[in-house]
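3D, please:
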Amino acid sequence: MASASEPSTFLRRWNNLLAWLEGHGFQAQNLPVECREMAHAGNGLFARSAFQPGRLLFVVPPKVLMNKMTLKRLYPPDIRVAKALTAVQLISMHLFIWRPKADEDSADPDFGPYISILPRDFGGHPLTWVVQSKLGKVGDQQSSLLSRLPPGALAGLDCLHSRFWDDWCKVRTLLRRAPSIAAVAQGSLSSLESHETIMDFLWAWLNVNTRCIYSRLKPSKADPDNLTMCPILDFANHTSGQANMSPVPSKSEIWNAAPVNPIGDGVRFVSPDNVKIEDDDEILLTYGLHSNKTLFVEYGFVNLFSEDGPSPSGEVDVQGLAEKHIFAVLQLGEAVKAVLVAEGYWGNWTLHWTPDSCQPSWQLITALRLYHHVAAVGSVDEKVIQPWRDVVTGRRPQLSCENEQSWRKTVVLLCDMLIQRAENCIVPCSLQGENGMDSWAHWMSENIRTLWREEMFVAKATKESILRGDEF
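Predicted coordinates:
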């Protein structure tokens, strides 16, 4: 334990980060925010004093942003990492190579102070449980939590795992053909197949997936490599309400072009024009208007759930239920699926809730219209499918009144299945062996209950909307 006169390890690393940032042009003097350790909640960004709306909080120079443009110069030109890897893969590889050993600081000569203050453990993130499970190393608590998840969350985690594993395979391939890169990892790459190595890369990948922000670096706004890790900013936690910090659009965004500086313009952050920040207020960001399922899968937490519903919105994935209980029982089900796949309407079957509306997704409505049309006609001939296409393209309002009634009844049936399933799962979730759980597992168990409560709420609201005759 450090003596009273010694700064904590976290405070020392924070001061090291500020000194490193100052060395690259960051104005740390009179910085109006600071990072603090939070009991049972990791770190957070807080105001050091009160300040008025619309104030410039800080400017992060481009040299200290960790992205594809700043990292590619650190690797031998003949390896061409920028061609071989995406931004997510390259940033993850760099963090993986320079991950701190135990409680030490990172030895990276370029980004060491930044890497040293990043989160050290993602054991509570659900993707970690999935990876451990697939490697045969999952613990009892993680296994129990996975078994309680709604199918939609499990499906989302399966997709997230596929992304992670694809990125690991690309990085592993590059490291195998570039031993000069692997050498700097100080022995951590002795076995690219070992459980420890994979978990080291998972640590790196989750830091990237949970902390990167959009940053215009490429000519096209839609380029997936327009992302960066940003020191200082990434200590800000999420809020589903009013954020009190936001980035200023860069010159590249304003002019819709690649930045003149190859490594970008840097990032400026201001407080909102309508929010006054008081001393000791936590500085919060909105990670996006996501459903709790998405927040849980991608970030490992959920928004609070009240009697008024999820905030700011809710979503339920009904793909599994619809496939098993609707399409699988249709004699021409496979033929209908083939049409929906070809036309781009197989998948993304969801129910959505906001305070202003609740409805099935257009994808689900469109798929069910075809399902009931084929079931009624008994054929998937082109002349049968064309009227459905005409509805999709807006050439005709509907196939028939009977078809509209049929897909609505099916949505109500799906809602009833969701409600029954959630009722059956919420109670066991609150009882199953929690007395022996660690505190983080108790917290995650409550998050899982919130997922089930959201499913039930959205299903009930959608059913009510259908029975009211709401138009979508």
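
Next one: the residue nearest the centre of the chain relative to residue 176, how far apart?
Centroid-nearest residue in the chain: residue 298, 2.9 Å away (criterion: CA atoms, centre = their mean). To residue 176, residue 298 is 29 Å away according to CB to CB, to the nearest Å. No exception for glycine: its C-beta is placed from N, CA and C like everyone else's.

next one: residue 131
Taking CB to CB, one finds residue 131 at 21 Å from residue 176.

do residue 126 as well
For residue 126 relative to residue 176 (CB to CB), the value is 30 Å.

Next: residue 222.
32 Å.

Repeat that for residue 57.
43 Å.

Can you pull out the low-pLDDT segments for the stretch 351-472 of the chain?
427-436 (pLDDT under 70).

What ranges does it have for its strands?
For the stretch 351-472 of the chain, strands defined by DSSP state E, counting those that start in this stretch occupy the ranges 357-360.

Any idea how many residues pack against residue 448?
By other CB atoms under 10 Å, the residues close to residue 448 number 22.

and stretch 154-166, which residues are buried?
154-157, 160-161, 164-165 (16 or more other CB atoms under 10 Å).

the helices in the stretch 1-150 of the chain, which residues?
Taking DSSP state H, counting those that start in this stretch, the helices of the stretch 1-150 of the chain run over residues 9-22, 68-71, 81-84, 87-97, 112-116, 126-134, 140-148.

Residue 177 - how many residues pack around it?
Neighbours of residue 177 (other CB under 10 Å): 10.

Now do the closest residue to residue 55 other than its chain neighbours against residue 47, distance only.
With sequence-adjacent residues excluded and distances taken as CB to CB, 6 or more residues apart in numbering, residue 55 is closest to residue 271, at 5.0 Å. Distance of residue 271 to residue 47, given as CB to CB: 9 Å.

quick revisit: count the residues that sit near the residue nearest to residue 55.
Residue 271, neighbours per other CB under 10 Å, totals 24.

show me what contacts residue 374?
Counting by CB atoms under 8 Å, 6 or more residues apart in numbering, residue 374 touches 330, 332, 335-336, 380, 384.

just to revisit the earlier point, counting neighbours, go ahead and name the busier of residue 222 and residue 176.
residue 176 (11 against 6).

quick one: residue 251 and residue 170, what's the gap?
In terms of CB to CB, residue 251 sits 32 Å off from residue 170.

whoops, residue 85 was the one
Distance from residue 85 to residue 170, by CB to CB: 6 Å.

Counting neighbours around each, name which of these two comes out higher.
For residue 85 versus residue 170, the count of surrounding residues by other CB under 10 Å is larger for residue 85: 25 against 18.

Which residues are in contact with the more buried one?
93, 170-171, 174.

Now the two most distant members of these.
Greatest spacing in the contacts of residue 85, by CB to CB: 93 and 170 (8.9 Å).

how distant is stretch 98-115 from the center of its chain?
25 Å (CA atoms, centre = their mean, to the nearest Å).

For stretch 28-48, measure first residue to last.
Stretch 28-48 has an end-to-end distance of 13 Å (criterion: CA to CA, to the nearest Å).

Look up how far residue 82 lies from residue 72.
Where residue 82 is concerned, residue 72 sits at a distance of 4 Å (CB to CB).

What of residue 288?
Counting by CB to CB - residue 288 and residue 82 are separated by 27 Å.

Among the two, which residue is more densely surrounded?
residue 82 (17 against 12).

ok, that one - contacts?
Here residue 82 is in contact with 68, 72, 90 (CB under 8 Å, 6+ apart).

Quick check: pLDDT value at it.
Looking at residue 82, its pLDDT is 89.

cool, the one 4 residues further on as well?
Looking at residue 86, its pLDDT reads 97.

Dump the buried residues of stretch 154-166 into JSON lines; add distance to residue 425 and pLDDT as well.
Shown next, in JSON lines, are the buried residues of stretch 154-166 (distance: CB to CB, whole Å; pLDDT from 0 to 100):
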{"residue": "154", "distance to residue 425": "12", "pLDDT": "95"}
{"residue": "155", "distance to residue 425": "16", "pLDDT": "93"}
{"residue": "156", "distance to residue 425": "17", "pLDDT": "94"}
{"residue": "157", "distance to residue 425": "17", "pLDDT": "97"}
{"residue": "160", "distance to residue 425": "21", "pLDDT": "98"}
{"residue": "161", "distance to residue 425": "22", "pLDDT": "98"}
{"residue": "164", "distance to residue 425": "27", "pLDDT": "98"}
{"residue": "165", "distance to residue 425": "28", "pLDDT": "98"}
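
nearest to residue 97, of the residues you listed?
Out of the buried residues of stretch 154-166, the member with the shortest distance to residue 97 (by CB to CB) is residue 164, at 17.1 Å.

and the residue nearest to the closest one when sequence neighbours are not counted, what element?
Closest residue to residue 164 apart from its sequence neighbours, by CB to CB, 6+ apart: residue 205 at 5.5 Å. Counting by DSSP states H and E, the element that carries residue 205 is helix 195-211.

and that helix, what's its mean pLDDT?
Mean predicted confidence for helix 195-211 is 95.

So which bits of that helix are buried?
197-211.

which residues are in contact with that helix?
88, 91-96, 99, 118-122, 125, 127-128, 131, 135, 137, 160, 164, 167-168, 171, 188-189, 191, 229, 234, 298-300.

Kindly recompute the last result at 7 Å.
88, 91-92, 95-96, 99, 118-119, 122, 125, 127-128, 131, 135, 137, 164, 167-168, 171, 188-189, 191, 229, 234, 298-299 (CB atoms under 7 Å, 6 or more residues apart in numbering).

Stretch 464-472 too?
Residues contacting stretch 464-472 (CB under 7 Å, 6+ apart): 358-360, 365, 408, 411-412.

Switch the residues you listed over to a markdown table; also include neighbour count and distance to residue 376.
Formatted as a markdown table, those follow (neighbours: other CB atoms under 10 Å; distance: CB to CB, whole Å):
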| residue | neighbour count | distance to residue 376 |
| --- | --- | --- |
| 358 | 24 | 28 |
| 359 | 20 | 24 |
| 360 | 26 | 20 |
| 365 | 19 | 17 |
| 408 | 20 | 15 |
| 411 | 23 | 17 |
| 412 | 17 | 18 |
